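[1] coords please:
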Amino acid sequence: MAQSELTSVSGRMWMVTVSYDGTDYRGWQVQPGEPTIQGELQEALGRITGEAPLPQGSGRTDAGVHALGQVASFELRAPIPAENLHRALNRTLPSSIRILDAITVSDEFHARHSAVTKIYEYRVWAEKRECVDICPPFLSRYVYACPWRLDREALDSAAQGFLGEHDFASFAASDPDLTTRMERRANQEEMGDGDARSTIRMILASAWREQSSDSGPVLIYRIQGNGFLHHMVRNLVGTMIEVGRGALPSAEIPAIFEARARSAAGPTAPARGLFLHSVQYK
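    Residues are numbered from 1 along each chain as shown. Predicted structure coming up:
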């Protein structure tokens with residue numbers, strides 16, 4: 001077989017950057033009979049090219065979680081120009097899913113396995129008036145409307161406690177049985193979020209900032225790490241909110257790490273406030 005024929009058969013590897021509103025989806029991973037981001041993207045590729053590769057995301061966001069810069073990779077045999085594919089995808093995908101960029105990459109690239117670090121953001125609507133607290137309806141899909149006043153200094157102190165390499169077992173989702181634990185380990189391994197047999201992760205950045213808007217202040221927590229356990233960011237935020245409202249001293253965080261038990265940490269913050277911000281590659 002000629003070299004040109006080999007190239008035609010094997011196709012080209014594509015990398016797309018995807019932004020989506022996850023409110024109405026059952027997460028990234030395709031599920032029979034359920035609307036998912038991965039499923040919508042696969043169907044769109046099929047309508048455009050006649051091929052239906054399963055796009056591999058940098059990670060599996062849960063139901064209701066959003067993305068500003070999810071990355072996916074897939075192979076196509078169709079010799080379609082990048083600009084045409086970019087435009088066609090946005091024409092056929094639902095308006096809640098947008099392709100920000102589409103480029104060809106080396107055959108060795110994989111959205112999950114090639115990722116080095118990821119950045120997540122969690123958004124909390126924090127306006128507290130004397131008589132009434134009303135989160136605007138056009139904002140409520142994308143923030144956690146926190147019912148308590150939060151101490152910013154306490155939040156900042158708690159966030160600093162997560163920097164560096166730690167065992168985050170206390171901040172991982174609780175698994176009801178062995179079968180679920182094994183499935184989750186396999187998922188984490190596929191996600192490229194570190195060694196699935198370990199709950200140790202390296203956190204490179206962990207900080208809160210305030211963003212003003214016409215609807216009131218929004219507190220944004222940003223965290224960057226080499227991998228994340230299932231529900232880890234939402235559990236970190238839930239724990240920090242307990243600290244911020246005065247229900248838990250930030251000095252207790254080392255003890256939570258040492259406990260290696262989900263019950264030692266705070267509650268899981270709602271999915272709607274979480275965004276996969278971006279993914280970094282070599």
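[2] Apart from its neighbours in sequence, what residue is nearest A259?
    Nearest non-adjacent residue to A259, counting by C-beta to C-beta, 6 or more residues apart in numbering: S170, 5.5 Å away. No exception for glycine: its C-beta is placed from N, CA and C like everyone else's.
[3] Which of the three states applies to the one you found?
    At S170 the chain is in helix, as set by DSSP: H, G, I helix; E, B strand; the rest coil.
[4] Equivalent analysis for T23, please.
    coil.
[5] Quick check: it vs P32, distance?
    21 Å (C-beta to C-beta, to the nearest Å).
[6] all strands for the stretch 151-282 of the chain, in order.
    164-167, 200-211, 218-225, 274-281 (DSSP state E, counting those that start in this stretch).
[7] which other helices and strands contact the third one?
    Identification of packing neighbours for strand 218-225 by 3 or more C-beta pairs under 8 Å, 6 or more residues apart in numbering; DSSP states H and E yields strand 115-125, helix 152-160, strand 200-211, helix 232-244.
[8] list the contacts for the residue lying closest to Y20 once chain neighbours are set aside?
    Take Y20 and drop its neighbours on the chain: the residue closest to it by C-beta to C-beta, 6+ apart is I97, 4.5 Å away. I97 is in contact with V18, S19, Y20, D21, I37, E40, L41, counting by C-beta atoms under 8 Å, 6 or more residues apart in numbering.
[9] In the stretch 1-150 of the chain, mark out all the helices, start to finish.
    Taking DSSP state H, counting those that start in this stretch, the helices of the stretch 1-150 of the chain run over residues 3-10, 37-49, 82-92.
[10] Present the ones you listed as a markdown table; the columns should include mean pLDDT, distance to P254 and mean neighbour count.
    Shown next, in a markdown table, are these (pLDDT from 0 to 100; distance: least, C-beta to C-beta, whole Å; neighbours: other C-beta atoms under 10 Å):
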| stretch | mean pLDDT | distance to P254 | mean neighbour count |
| --- | --- | --- | --- |
| helix 3-10 | 45 | 51 | 10 |
| helix 37-49 | 97 | 37 | 20 |
| helix 82-92 | 97 | 47 | 15 |
